[in-house]
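> Fold the following.
(4 chains)
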Protein chains: 2
Amino acid sequence: MAGSTSSEHGRLIRKMETIAVLTEPEKAALAGLPMRLKDFAEDTDLVREGDTPQECCLILEGFICRYKLLGQGQRQIFSFHLPGDIADLQCLQLSVMDHSVGALVPGRCAYIPHTALRELTDRFPAIAAAFWRDILIDAAIFREWLAGVGRRTAHQRIAHLICEVCTRLKSLKLIDDHVFDLPVTQAELGDALGLSTVHVNRVLQDLRRAGLITSKGRRLVIEDWPKLQEAGDFDPAYLHLRAPEGR
Amino acid sequence: MAGSTSSEHGRLIRKMETIAVLTEPEKAALAGLPMRLKDFAEDTDLVREGDTPQECCLILEGFICRYKLLGQGQRQIFSFHLPGDIADLQCLQLSVMDHSVGALVPGRCAYIPHTALRELTDRFPAIAAAFWRDILIDAAIFREWLAGVGRRTAHQRIAHLICEVCTRLKSLKLIDDHVFDLPVTQAELGDALGLSTVHVNRVLQDLRRAGLITSKGRRLVIEDWPKLQEAGDFDPAYLHLRAPEGR
DNA sequence: CGTGTTATTGACCAACATCAAACTTAGTGG
DNA sequence: CCACTAAGTTTGATGTTGGTCAATAACACG
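From the prediction side, this is the model:
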């Protein structure tokens, strides 16, 4: 815990700052958190339904999702997570996982012992509050997805998701324009949005044809943000971002 | 804070006990919470999207839901709440509401000032933890609904919801068999499950014809729990109930 | 260059939506 | 106790979104 902060801890601190204002001692405490680093391959489960983990999993690099397999072998993806997110913060309070956390691309994460996190939240109520906020924002995103899958058309859902990911990347300062990687297959998009792969493909083509987006490989460019936002009925209020996060 | 506990506070304590073990001092503190009682009529909003409440709303009597209106005038219901639930616990941390809380039938609630709740959570970490747990369970229910709307058929979704409500009522000891009131119109069921009213109606008829349920008015009887549970792909694990809650 | 994964296409189909009307039920007031 | 009314439920006919299946084309990688 010298003066310098590792890039791993920096990721976490930057993320925390998108949801709360941190004092120097709080940042220092975060920077002192013990971390067990781990590289992971594509399609690895970082945590699995039924597990009772003793550590939380901070994403450092990559793109991961939370999901559950249903009775008939179908999959529902609940959320995507970006570097800086702690994907299983919930297991601090709910010991047994009711869903899994899986990597969509190779990446790197840091396991942080529950004991260290508990000590941190005991010493710094502001950090506890920030975690609490984070979990609530998580839930707000579930609600928004629920609204999408329940009541929005396939076109709206896909446009909405693209807007959401872009907005979150910007708030984390991982990008500053409307160009980013969406390292997700169309099948995975379907599992997140409650659509078939084929339909995802067709809708994406529509959005491209309409000039709202372009994409080569996983690189995605939002060509017309206002129209995409409108097409997706997207209002970022539910993300509860601290800073105004621009269009 | 005499020895006796009002029935209002009792409701809250009973609910809290479904998610955590409480000591006597903790129960006493809950019993001492200031409450502003209010009766409400059907179709009233108790809290509205965009509000920044200074009180939380504890349900004492009735059946309420959280919902959001979407761009095209459609409605998505996110959750149903039973007596004992604090429907907008989240506004303790996220000041502005991103959705509304509405009454489906006349009932009664108690508004509890945020200040009192904050003082409580400061003094009793176990209560803070219980609130935290409650919010996480809330999120788990959103995920389960998301999985339903995304990947389950209309028949599964409806069966699943009936199982869920019954299970939660039992955990709150508001019923002890498989008979209960579901004071919700078919239109409202549709808004919760992402279905049209007409389709809800037809599926309910199917479930009745198959002998899984019967209903007269809002009174619903689960005639064949094992089959209904199977039809709904229902596994109560996601509710994270403390006590084993019956078959 | 193969080889496996992902994207794209086409033909066809099913689940569920929409629209509109009729029927029930539960209140309400006389 | 009986009309009257409004809300909710049920039914039928018809339409559409999006699913399924199966084949082909594009890539990415060793």
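
> Which stretches in chain A count as helices?
Using DSSP state H, the helices found in chain A span residues A:7-19, A:24-31, A:114-123, A:125-151, A:154-171, A:186-193, A:197-209, A:225-231.

> Could you pull up the mean pLDDT of the fourth one?
Right, the one you point to is helix A:125-151. Averaging pLDDT along helix A:125-151 yields 96.

> re earlier: may I see the helices of chain A arranged in a markdown table, with distance to residue B:35 and mean neighbour count as well?
(Each C-beta comes from the backbone N, C-alpha and C, glycine too.) Formatted as a markdown table, those follow (distance: least, CB to CB, whole Å; neighbours: other CB atoms under 10 Å in any protein chain shown):
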| stretch | distance to residue B:35 | mean neighbour count |
| --- | --- | --- |
| helix A:7-19 | 31 | 19 |
| helix A:24-31 | 34 | 16 |
| helix A:114-123 | 29 | 15 |
| helix A:125-151 | 23 | 22 |
| helix A:154-171 | 38 | 22 |
| helix A:186-193 | 41 | 22 |
| helix A:197-209 | 49 | 15 |
| helix A:225-231 | 42 | 18 |
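
> ok, and what's touching stretch A:10-19?
Applying CB atoms under 8 Å, 6 or more residues apart in numbering or on different chains, the set of residues contacting stretch A:10-19 from outside is A:5, A:22, A:27, A:30-31, A:33, A:58, A:60, A:83-86, A:127, A:130, A:133-134, A:137, A:171-173, A:240-243.

> tell me, what residue is most central in chain A?
By CA atoms, centre = their mean, chain A has its centre lying nearest to residue A:81, at 2.2 Å.

> Next one: that one from chain B, what distance?
Distance, residue A:81 to chain B, using CB to the nearest CB, to the nearest Å: 14 Å.

> Same question for residue A:29.
When distance is defined by CB to the nearest CB, residue A:29 is 18 Å away from chain B.

> Poorly predicted segments of chain A, please.
Within chain A, the stretches with pLDDT under 70 are A:1-3, A:243-247.

> Tell me which residue in it sits closest to DNA strand D.
Nearest residue of chain A to DNA strand D (CB to the nearest atom of the strand) works out as residue A:199 at 3.0 Å.

> looking at it, that residue is touching residue A:157, isn't it?
No. Using CB atoms under 8 Å, residue A:199 makes no contact with residue A:157, being 10.3 Å away.

> Give me the spatial nearest neighbour of residue A:160, chain neighbours excluded.
residue A:232 (3.5 Å; CB to CB, 6 or more residues apart in numbering or on different chains).

> Double-check the one you found against residue A:156; I have them as touching.
Yes. Counting by CB under 8 Å, residue A:232 does reach residue A:156; the two are 5.5 Å apart.

> Can you pull up the residues of chain A that come close to DNA strand C?
A:185-187, A:197-198, A:201-202, A:204-205 (CB under 7 Å from any atom of the strand).

> ok, now with 10 Å
A:42-43, A:104-105, A:150-151, A:153, A:182-190, A:196-205, A:208-209, A:215-218 (CB under 10 Å from any atom of the strand).

> follow-up on the earlier one: what is the burial count for the residue nearest to residue A:160?
When neighbours are counted by other CB atoms under 10 Å in any protein chain shown, residue A:232 registers 23.

> What is the end-to-end distance of stretch A:100-116?
23 Å (CA to CA, to the nearest Å).

> Now do the buried residues in it.
Neighbour-count burial for stretch A:100-116 flags A:100-105, A:107-113, A:116 (criterion: 16 or more other CB atoms under 10 Å in any protein chain shown).

> Show me how far it is from its chain's centre.
Mean C-alpha position of stretch A:100-116 versus that of the full chain (CA atoms, centre = their mean, to the nearest Å) differs by 12 Å.

> Stretch A:34-41 now?
18 Å.

> likewise stretch A:160-167?
Worked out by CA atoms, centre = their mean, stretch A:160-167 lies 11 Å from the chain centre.

> Next: stretch A:81-88.
Offset of stretch A:81-88 from its chain centre (CA atoms, centre = their mean): 6 Å.

> From start to finish, how long is that stretch in a straight line?
Chord length of stretch A:81-88, first to last residue, is 10 Å (CA to CA).

> can you check stretch A:87-94 too?
13 Å.
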